[in-house]
Every structure is written in C-alpha cells, then in structure tokens.
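Enquirer: whatever this is, show me its structure:
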Amino acid sequence: MRYIDKSKCPVIPSYEKELKAAKLDETSILRGEHAGLSGDELFDKVKQLPSYVAMKRQLLQDQGYVCCYCNRSITGVGDITEHVEPKSVNTHLVGEYKNLLVACEGGQHIPATITGSRKAKRLAYPLHCDQSKGNQTIPISPLSPDCERRVKYDVLTGAVYGDADVITMRDVLNLDNPVLKKERKEEIKNWCYDGSGNVLSNEQLDKVFTKMLTPDANGHYRNLYYVIASAALSLVV
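Expert: Here you go, the predicted structure:
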C-alpha cells in the first residue's frame with residue numbers, strides 16, 4: 001500500500017466551487033444543510049455536479065491508475081469512488097477530495113454462479129477492497145502517512161502482514177483472499193527472481209525497485225507496482 005498525500009494532490013477548482021455552491025461541502029453539511037439525507041443520497045447529488053467526472057479523473061491520476069487498496073491496474077471504467085471514512089457515518093465528508101480515492105470493482109462484476117450444472121455453484125472469486133469494506137472503517141489506509149512502513153508483503157506467499165492495525169485492514173478489505181494472494185506471489189516471482197528461481201542480485205533488485213516507482217508517459221504505474229517495489233526492497237541483502 002502506498003501513501004497518497006492529499007496535501008500534494010491538485011484539487012480541481014471548478015469541483016470545489018460547485019461543491020460549495022450546491023452546499024455539499026463539509027462546512028455546509030455540518031451546519032445542517034441537506035439534513036435528513038443519507039450519505040448515499042448526498043453522494044448522488046455530488047455525482048450530478050458537472051465537474052465530478054473531471055474530479056474522478058484527477059483521483060485516478062493521483063493514484064497512477066491503480067486501485068488504492070489492492071494496487072491492481074484500473075482504468076476508471078466500472079471502478080468505484082471510494083470514501084475512506086464511510087459516507088454512511090461521516091456524511092460531511094461525502095464530497096470532500098481529502099476523503100476520496102478510487103478502488104477497483106472488487107470482484108462485483110464476476111458472475112456469481114456457474115450455470116448449466118445440476119446445482120448452481122458460487123464461483124471461488126471473493127469480493128475485496130471496497131466491496132468487502134462496505135460501511136466498515138479501517139485503522140490504516142493509503143491516507144495514513146506510515147502505511148508504506150507498516151504494510152508488508154511476504155515474498156514467498158504473497159500474503160499481507162504487519163501489526164494489528166494492518167491485519168484488521170487486510171481482513172476488512174479481504175486482501176488475503178486466494179485470488180489476490182496468488183497474483184501477488186506470481187508477480188513478485190516474475191519480477192524479483194530469475195528463471196531458475198533464484199533471487200536477483202542487489203543491483204538487479206534496485207533496478208526493479210526504480211522501475212516500479214517510475215510511471216509511464218501517461219502517468220500509469222504497472223500492475224501491483226508497489227507490492228513488487230516493496231518485495232524488491234525487502235530482498236536486498
């Protein structure tokens with residue numbers, strides 16, 4: 001998980017202006033504007049703002065076009081505008097840029113059943129990220145300045161590990177489900193080990209680390225880029 005410093009992320013002026021004009025900003029809502037509306041109802045209003053699409057595009061650019069939680073590549077199509085502090089509880093933050101990220105679709109579009117069999121069976125593809133989090137809170141997130149130091153990845157299994165808060169976050173987001181863990185394991189192996197299964201040299205690992213933290217010309221990071229960068233750094237001897 002990589003830290004996203006919102007203080008260094010450009011806020012689209014037109015979005016902020018429209019948010020205040022519609023009295024959907026934090027100050028207005030705390031003062032009682034739109035009293036009685038739920039977080040979902042307020043966010044529906046936010047999504048109607050003319051600059052909402054541009055704002056979401058900026059969120060994607062902030063993150064380098066990867067999911068804020070699992071670090072997989074995303075495009076914005078079908079992906080979710082995520083409220084780190086749930087909008088069901090913190091309605092005043094429903095449209096605030098400082099509380100918004102973009103998460104992947106979290107498996108929600110994977111077919112839920114296999115047809116044609118005697119009995120429909122649930123596919124072994126779990127919901128994760130926002131789809132697992134729902135209205136729960138997490139003690140550590142990409143907005144936590146120390147998340148890079150605390151969230152770690154096992155280079156042999158792809159598992160997420162760390163202190164108690166990291167474990168809680170991992171479980172709420174279901175980041176250690178078999179699908180994600182397998183993908184992390186395979187990507188770490190592809191980038192940090194040679195064809196014979198040996199760890200790359202320190203010099204090679206350093207190149208992998210630098211490559212992962214360098215976006216392409218369009219600002220896109222590679223799939224699972226920070227997972228791989230963290231693994232490469234941990235393997236240096």
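Enquirer: where exactly do the strands run in this structure?
Expert: 80-83, 100-103, 113-114, 121-122, 152-153, 160-161 (DSSP state E).
Enquirer: what separation do you get for Glu33 and Ser14?
Expert: For Glu33, the distance to Ser14 equals 20 Å [Cβ to Cβ, to the nearest Å]. All C-beta spots, glycine's among them, are computed from the backbone N, C-alpha and C.
Enquirer: and the longest helix along the chain, which residues are buried?
Expert: Across the chain, the longest stretch assigned as helix under DSSP state H is helix 178-192. Across helix 178-192, burial judged by 16 or more other Cβ atoms under 10 Å covers 180-181, 183-185, 187-188, 191-192.
Enquirer: dump those into CSV; add pLDDT and distance to Arg57 as well.
Expert: Putting the buried residues of helix 178-192 into CSV (pLDDT from 0 to 100; distance: Cβ to Cβ, whole Å) gives the following:
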residue, pLDDT, distance to Arg57
Leu180, 94, 26
Lys181, 95, 31
Glu183, 95, 26
Arg184, 96, 27
Lys185, 97, 32
Glu187, 97, 26
Ile188, 97, 30
Trp191, 97, 29
Cys192, 97, 32
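Enquirer: rebuild these as CSV, extending it with distance to Val172.
Expert: Formatted as CSV, these follow (distance: Cβ to Cβ, whole Å):
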residue, distance to Val172
Leu180, 14
Lys181, 16
Glu183, 19
Arg184, 18
Lys185, 22
Glu187, 23
Ile188, 23
Trp191, 28
Cys192, 28
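Enquirer: and Gly64, how close does it get to Thr81?
Expert: 17 Å.
Enquirer: contacting residues for the nearest residue to Lys181 once chain neighbours are set aside?
Expert: Excluding its sequence neighbours, the residue lying closest to Lys181 (Cβ to Cβ, 6 or more residues apart in numbering) is Gly158, at 4.4 Å. Applying Cβ atoms under 8 Å, 6 or more residues apart in numbering, we find Gly158 in contact with 180-186, 188.
Enquirer: and if we set it to 10 Å?
Expert: Residues near Gly158 by Cβ atoms under 10 Å, 6 or more residues apart in numbering: 176, 178, 180-189, 224, 227, 231.
Enquirer: distance check, the residue nearest the centre of the chain against Leu143.
Expert: Geometric centre of the chain, nearest residue: Cys68, 1.7 Å, by Cα atoms, centre = their mean. Look at Cys68 and Leu143: by Cβ to Cβ, they are 9 Å apart.
Enquirer: equivalent analysis for Asp44, please.
Expert: Applying Cβ to Cβ, the value for Asp44 to Leu143 is 24 Å.
Enquirer: burial count for the residue nearest to Lys211 when sequence neighbours are not counted?
Expert: Counting by Cβ to Cβ, 6+ apart, Arg222 is the residue found nearest to Lys211 once chain neighbours are left out, at 7.9 Å. By other Cβ atoms under 10 Å, 21 other residues sit near Arg222.
Enquirer: pLDDT score assigned to the residue nearest to Ile138 when sequence neighbours are not counted?
Expert: Excluding its sequence neighbours, the residue lying closest to Ile138 (Cβ to Cβ, 6+ apart) is Met169, at 4.5 Å. pLDDT recorded at Met169 is 97.
Enquirer: perfect, that will be all.
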